[in-house]
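S.K.: here's a sequence, model it:
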Amino acid sequence: MAIGTYGQLKTSVAAWLKRSDLTDIIPDLICLAESSIRRDVRCRAMEQIATGTLSARTLALPTRFLEARNVALDGYPQTYITPQEYAQQADWDAGNYTVKGELFYFQSSTETYSIDYWQAFAPFADDGDTNWLLTNAPEVYLWATLVEAKTYIEGDPSKELAFYQRAVTRLRQTEMQARFPGPLIVRHDGIVA
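M.R.: This is a model prediction of the structure:
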């Protein structure tokens with residue numbers, strides 16, 4: 001059976017479990033699996049860029065924000081510091097930012113910003129819903145959901161967990177190969193490119 005939509009994922013999970021009495025709980029199990037996936041998976045399809053101009057020293061985190069990759073103000077890279085460090089730094093000590101709750105905190109309030117970040121996939125709602133990960137690596141969703149299912153039915157999820165971890169590792173390897181498709185080249189100045 002092909003797994004390409006939320007509805008197909010639910011059907012496949014029920015088939016793998018060989019249980020027809022769990023159809024009402026499978027959406028909850030997938031929701032828990034999505035939580036694990038948000039922590040474990042980073043792929044190119046999750047990369048986003050937010051740009052604009054600050055109008056205050058705070059900026060709301062983008063929708064489904066997971067973590068920042070690069071933050072720049074007026075083209076200058078900013079360095080993440082903890083909220084405690086941010087509270088202790090002087091106003092003139094530019095170049096740093098922090099995140100508290102659902103907000104970025106900057107030293108400036110008028111500069112342009114560019115934030116490269118990881119964005120979580122939208123949670124599934126309708127049977128026809130899909131996303132890049134479900135289309136390209138359905139085994140990640142399947143095994144993550146089966147881990148939650150085994151835990152729910154009081155089984156030992158170690159086998160499913162191993163398969164989930166293997167699926168995530170394979171996805172990471174595929175992503176690295178896609179990101180760096182050629183061999184590393186040593187330039188004459190001794191720098192590996």
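S.K.: what is the longest helix belonging to the chain packed up against?
M.R.: Scanning the chain for the longest helix, with DSSP state H as the assignment, gives helix 158-179. Contacts defined by 3 or more C-beta pairs under 8 Å, 6 or more residues apart in numbering; DSSP states H and E place helix 158-179 against helix 138-152. (C-beta placed from N, C-alpha, C; glycine too.)
S.K.: got the buried residues for the helix it packs on?
M.R.: By neighbour count on 16 or more other C-beta atoms under 10 Å, the buried set for helix 138-152 is 138, 140-150, 152.
S.K.: cool, stretch 121-140 as well?
M.R.: Buried residues in stretch 121-140, counted by 16+ other C-beta under 10 Å: 121, 124, 130-131, 133-134, 137-138, 140.
S.K.: low-confidence regions, the chain specifically.
M.R.: 91-92, 182, 184-187, 189-193 (pLDDT under 70).
S.K.: now do the strands in it.
M.R.: 47-53, 58-60, 65-73, 76-77, 79-80, 96-100, 103-106, 112-119 (DSSP state E).
S.K.: who does the third one pair up with?
M.R.: Each strand that pairs with strand 65-73, with its direction, by DSSP bridges: strand 76-77 (antiparallel), strand 112-119 (antiparallel).
S.K.: okay, domains of this structure per the record?
M.R.: Taking automatic domain parsing as the reference, the chain has its domains at 6-44+121-174, 46-119.
S.K.: adding distance to His188, write those domains out as JSON lines.
M.R.: Output for the domains of the chain, formatted as JSON lines (distance: least, C-beta to C-beta, whole Å):
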{"stretch": "domain 6-44+121-174", "distance to His188": "31"}
{"stretch": "domain 46-119", "distance to His188": "28"}
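S.K.: winner for burial among those domains?
M.R.: Mean neighbour count (mean count of other C-beta atoms under 10 Å) peaks for domain 6-44+121-174 among the domains of the chain, with a mean of 16.
S.K.: how long is it from one end to the other?
M.R.: By C-alpha to C-alpha, to the nearest Å, the extent of domain 6-44+121-174 from end to end equals 23 Å.
S.K.: one more: stretch 69-86?
M.R.: Termini of stretch 69-86 sit 19 Å apart (C-alpha to C-alpha).
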